[in-house]
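*Asks:* Pasting a predicted model and its sequence here:
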There are 2 protein chains.
Amino acid sequence: MNLRYAVIGTGAIGGYYGAKLARSGQEVHFLLRSDYAHVKANGLAVSSVNGDFVLEDVLAYHSTADMPVCDVVIVGLKTTANAQLAGMLKPIVHKHTLVVLIQNGYGIEAQLAEELPGIAIAGGLAFICSQKISPGHITHLDLGHVNLGLYCGEKDCLVQVVSDLEAAGVAAHLSSDLERSRWEKLVWNIPFNGLSVVMNASTDLLVRHTAMRTLLKGIMDEVIAAATCCGYPIESVYAQRMIELTQEMTPYAPSMKLDYDQRRPLELQAMYWSPIETARRAGCEMPQTRMLACQLQFMSDYNGGAH
Amino acid sequence: MNLRYAVIGTGAIGGYYGAKLARSGQEVHFLLRSDYAHVKANGLAVSSVNGDFVLEDVLAYHSTADMPVCDVVIVGLKTTANAQLAGMLKPIVHKHTLVVLIQNGYGIEAQLAEELPGIAIAGGLAFICSQKISPGHITHLDLGHVNLGLYCGEKDCLVQVVSDLEAAGVAAHLSSDLERSRWEKLVWNIPFNGLSVVMNASTDLLVRHTAMRTLLKGIMDEVIAAATCCGYPIESVYAQRMIELTQEMTPYAPSMKLDYDQRRPLELQAMYWSPIETARRAGCEMPQTRMLACQLQFMSDYNGGAH
């Protein structure tokens, strides 16, 4: 049985994975905003380290109201748009639709489950260096695998999604513990996203500097301690592995750095305040993470020239 | 009995207090470097909220080797120059000379006492918004009082210095506990100096932003906890008072911000690493202060365009 896919948020994440699925023969309906006319006329271009391609004849829409009901909705929006997500989803979900949130941060599935009770929800963690560089044009620089885990609902559909992604050439893994996977990803995201903005530096520059590497490691240890306190113990060697992985990675500006440089809102709620608050409720303070969040809040509020 | 004064480091601090003393009739010998010729020809100008004046016929020197032996040496250098301080002092001290370090940070008296055993040393904490804006020209924008405390040696000379400063129109106080005074000053210096550099913002902008004010207060609480752990309990209301004082202060770029913008070395050892290490040895970690120090170290190392 073939699943009918929708992609909400056709950017660096949704655009990449959606294009891969469509190219492998899946039926994928894409929601686009500012890029709609361009993609309708020119298709969706992916410049990838694994080979470039252009997806022609994209099933493109300007509003979910015009889209068919789908079996799987892949959400690649920034979490800063999540306040609008439930409303956008309503026209395209049936009672067995699975919504897959391939987004950063923590607490986003819980929020959606509250707004759309009864819907099946999965979370996705993308380990990918990709970026939308112009309308309908995505570059994929490094990595690419995605971990998917069920938050609520039946598992069968998610298993099929993993299988479809694998068939499309995407390394997809089924996570048996989504919350743990989200905490694990935060171990990298919290220090590197925030410090790349505050220090105005790419990952390679950060990780090469001795005192900064100590700080990155210290923040990672703090996130690991918070995860452990919340019931998701992560081995302490994980931090060192992430440092080493980053040292080997292509020099890279994390998503929050791109957001900041392009004066878009920063994903502070999902990536910082929500895990800080979750940990605090479990009895664990995150002073360095909180400090980073305050610095980012300040920079975000003054980004645009109020200085 | 009149004391013969020397001023080492004729900048925002040494220049201001030295000029006030000289103007009141004290004999003051000034060490100058790049401003020597200008001051020799034009004098030392002070533009102050309390009235402008120019000190003519300055006793100016280019090297301490040419200066007379003095009773009191006021050191207004940046602590980043302290590695050279003992050598500079040798030609101008006799066995009863008092060296007054009007410098920021922690641990500087101990370092000098080790390098010049037997000499009397005091520490000075300047609460002043002043700045050297051009050769031989100092502006004084706000405040101006100085707390002086004995580190080692006889107290009589320091009492006389306080009295001379008072006679010169400077609000000078004798601190009975220098170490405590240094910790108290760090309560302001650690958050405001560092965050003004990292956030590229003046004190008023920082203190006006809600999340940033919470962070400033949090770092102050951390410094207070460290001081208390080191045996110098500071009341917790002190942090709130410092926040309020800063809200009332003239918008101001702290000294480290000026140093950074002018690509001078930052006083990281005296203002951050030394108190962090002192607190650590007493059993108290300072995670936010340490994080700020790492960020400043990174920015300092790349300041100058290595980015």
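*Replies:* In hand now; what should we look at?
*Asks:* residues touching the residue lying closest to A:Asp35 once chain neighbours are set aside, list them.
*Replies:* Spatially, and ignoring its direct neighbours in sequence, A:Asp35 is nearest to A:Pro135 (4.3 Å; Cβ to Cβ, 6 or more residues apart in numbering or on different chains). (Each C-beta comes from the backbone N, C-alpha and C, glycine too.) A:Pro135 makes contacts with A:Ser34, A:Asp35, A:His38, A:Val39, as judged by Cβ atoms under 8 Å, 6 or more residues apart in numbering or on different chains.
*Asks:* Does the last one touch A:Thr10 like I think?
*Replies:* It stands for A:Val39. Yes: under the criterion of Cβ atoms under 8 Å, A:Val39 is in contact with A:Thr10, at a separation of 7.4 Å.
*Asks:* And for the helix or strand containing A:Val73, what's in contact with it?
*Replies:* Per DSSP states H and E: A:Val73 is located in strand A:70-75. Judged by Cβ under 8 Å, 6+ apart, the contacts made with strand A:70-75 from elsewhere in the structure are A:3-9, A:14, A:17-18, A:29, A:85, A:89, A:92-94, A:96-103, A:124, A:157, A:161.
*Asks:* ditto for stretch A:100-110
*Replies:* Outside stretch A:100-110, the residues that touch it by Cβ under 8 Å, 6+ apart are A:13-14, A:17, A:72-79, A:82, A:112, A:121-126, A:146, A:148, A:151-152, A:158, A:161, A:178, A:182-183, A:185-186, A:189, A:193, A:255, A:267, A:269-271, A:274-275, A:278.
*Asks:* List the buried residues for it?
*Replies:* The neighbour-count check on stretch A:100-110 (16 or more other Cβ atoms under 10 Å in any protein chain shown) flags A:Val100, A:Leu101, A:Ile102, A:Gln103, A:Asn104, A:Gly105, A:Tyr106, A:Gly107, A:Ile108, A:Glu109 as buried.
*Asks:* Show the average pLDDT along it.
*Replies:* In this model, stretch A:100-110 carries a mean pLDDT of 96.
*Asks:* Ok, stretch A:32-50 next?
*Replies:* Across stretch A:32-50, the average pLDDT comes to 96.
*Asks:* could I get that stretch in PDB with only the CA atoms?
*Replies:* Listed next in PDB are the C-alpha coordinates belonging to stretch A:32-50 (Å, rounded to 0.1, in the frame of the first residue of the first chain):
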ATOM      1  CA  LEU A  32       5.000  26.300  -0.300                       C
ATOM      2  CA  ARG A  33       4.700  30.000   0.500                       C
ATOM      3  CA  SER A  34       7.000  32.500  -1.100                       C
ATOM      4  CA  ASP A  35       8.600  29.900  -3.400                       C
ATOM      5  CA  TYR A  36       5.200  28.600  -4.800                       C
ATOM      6  CA  ALA A  37       5.400  30.300  -8.200                       C
ATOM      7  CA  HIS A  38       9.000  29.600  -8.700                       C
ATOM      8  CA  VAL A  39       8.700  25.900  -7.800                       C
ATOM      9  CA  LYS A  40       5.500  25.500  -9.900                       C
ATOM     10  CA  ALA A  41       7.500  26.900 -12.900                       C
ATOM     11  CA  ASN A  42      10.900  25.400 -12.300                       C
ATOM     12  CA  GLY A  43      10.600  22.500 -10.000                       C
ATOM     13  CA  LEU A  44      12.500  21.800  -6.800                       C
ATOM     14  CA  ALA A  45      16.300  21.700  -7.100                       C
ATOM     15  CA  VAL A  46      18.500  19.700  -4.700                       C
ATOM     16  CA  SER A  47      22.300  20.200  -4.900                       C
ATOM     17  CA  SER A  48      23.500  17.400  -2.800                       C
ATOM     18  CA  VAL A  49      26.900  15.900  -1.900                       C
ATOM     19  CA  ASN A  50      25.300  12.600  -3.000                       C
END
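*Asks:* Just the buried residues of that stretch, please?
*Replies:* Burial within stretch A:32-50, assessed by neighbour count using 16+ other Cβ under 10 Å, is assigned to A:Leu32, A:Asp35, A:Tyr36, A:His38, A:Val39, A:Lys40, A:Gly43, A:Leu44, A:Ala45, A:Val46, A:Ser47, A:Ser48.
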